[in-house]
Each structure stands twice: as structure tokens, then as C-alpha cells.
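Peer 1: Sequence and predicted structure are below.
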Amino acid sequence: MSELQNVIERRLAGRIVSCWQALDETTVSVHADQCLDVLRSLRDEPELRFDTLVDLCGMDYRDYREGGHEGPRFAVVLHLLSVELNQRLRVRVFCPDDDFPVVASATSIWTAAGWYEREAFDLYGIVFEGHDDLRRILTDYGFVGHPFRKDFPVSGYVEMRYDPEQKRVIYQPVTIEPRDQVPRVRREENYGGFIAQ
């Protein structure tokens, strides 16, 4: 167990779900209703001092480990850095409701969270309560759905094209027929310098 893990378990006892080591980094799991309180403590506690938000992303745990994951489907993962103490931390917060995933916005703690949260909202449909400008950032404003969700169809729901008669871009239902892609292997007779038998 790392010293950072010991400090976190001591200072945040009763406010975290669990804390463990993975890939040479400490990870802490937090209840959604305790999220802001824990994040503020991670930033302000003298033994922690995580003053920099390096990254924030959404996660979809549907079919994770081939259905081996039990629990909420959507999570938000934050990567924090303490410049002063030279340590890193991963924080994971699960959204309690799969149908309408909501978690508190971290923008009041790290302003850098703003664009990251917009991206997670756009791609996963996670709503960040308290974010003052939560709108799409990567997809078009008329885009239907959230493309990083594991149940989002590869072809999407609508396609856009330029209509010369209307002289504008229009949206229409997808006209691509879904099909299974089975790769075909074709090799020349002299492939790789030897004769195929």
C-alpha cells in the first residue's frame, strides 16, 4: 500500500467507497453525493494538495469485462496532480442513475473542468450539475444521441448531405444498410517471397 493511499484512507475515511493501487497509480472511488466534498478536500488538505486537474473523462461500463461489471453504467474519471508533492491520483465517480446520468460539476474547484465536462456530456450524455455552459463541444448542435455510448449504432441515427435543390445541408435518416463486416484475406501467389501451397 502506498503512502498516498494511507493518507487518503485516513483523511477521507467515511467519505470514499474504496482506494486501491492500479497501474502504478492510486485510484479512489467516491459516491456521487460526496463528490464535491471529497474533491475539495483533495485540493485543500495539506497532505494531499492536488491543485491541478489534468484530465476528466466519461466512461460507459456497459458490457465491461463481458458483462462482469455489476453496478451503475456511467462514471466520470478525474486525473489529478499535486505539483508541490509530486504525486498523481485517479478519482472515479459513478452516476447513480443509468437513464439520466448526473454528477456534480467540478468547475467550482478546478475551472479547467469546464471543457472536459462539456466533452463528457457531448460524447456520453453525462449531465454535470452546476456547470454554467453545458452544451455540445465536438458534435453538431443537431446531432442525435451520444456517440461514445456502447449502444450507439456505428452508422449513427441520421446522416447529413447537401441538397442542391434546397441549397442547404439537410439531415435525413441513415440510408446505409447495416451488415456484418467479415474481413477477406487475399494473398498473391508469391506473397512474402515464397510460393503459397
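Peer 2: Alright, I've got the coordinates. Residues are numbered from 1 along each chain as shown.
Peer 1: Contact partners for V127?
Peer 2: The contact partners of V127, by CB atoms under 8 Å, 6 or more residues apart in numbering, come to 100-103, 121, 134. Any C-beta I mention is one placed from the backbone N, CA and C, and that applies to glycine too.
Peer 1: Can you tell me which of those are buried?
Peer 2: 101, 103, 121, 134 (16 or more other CB atoms under 10 Å).
Peer 1: ok so, going back, closest to D163 out of the contacts of V127?
Peer 2: Each of these was checked against D163 using CB to CB; the closest is F121, at 30.3 Å.
Peer 1: Which of the three states applies to the closest one?
Peer 2: helix (DSSP: H, G, I helix; E, B strand; the rest coil).
Peer 1: Give me the neighbour count for the closest residue in space to G114 that isn't next to it in sequence.
Peer 2: With sequence-adjacent residues excluded and distances taken as CB to CB, 6 or more residues apart in numbering, G114 is closest to T107, at 5.2 Å. The local packing of T107 (other CB atoms under 10 Å) involves 20 other residues.
Peer 1: so what pLDDT did T107 get?
Peer 2: With respect to pLDDT, T107 scores 97.
Peer 1: what's the answer for E70, then?
Peer 2: Per-residue confidence (pLDDT) for E70: 84.
Peer 1: Same check on Y191?
Peer 2: At Y191, the model reports a pLDDT of 61.
Peer 1: about what we covered before: any chance of the contacts of V127 in a markdown table, with secondary structure too?
Peer 2: Output for those, formatted as a markdown table (three-state DSSP):
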| residue | secondary structure |
| --- | --- |
| F100 | coil |
| P101 | coil |
| V102 | strand |
| V103 | strand |
| F121 | helix |
| L134 | coil |
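Peer 1: what's the spacing between D140 and Y116?
Peer 2: In this view, D140 and Y116 are 20 Å apart by CB to CB, to the nearest Å.
Peer 1: Compare neighbour counts for these two and give me the winner.
Peer 2: The residue with more neighbours, out of D140 and Y116, is Y116; 23 against 11, by other CB under 10 Å.
Peer 1: Tell me the one of the contacts of V127 nearest L48?
Peer 2: Closest approach to L48 among those (CB to CB): V103, at 20.8 Å.
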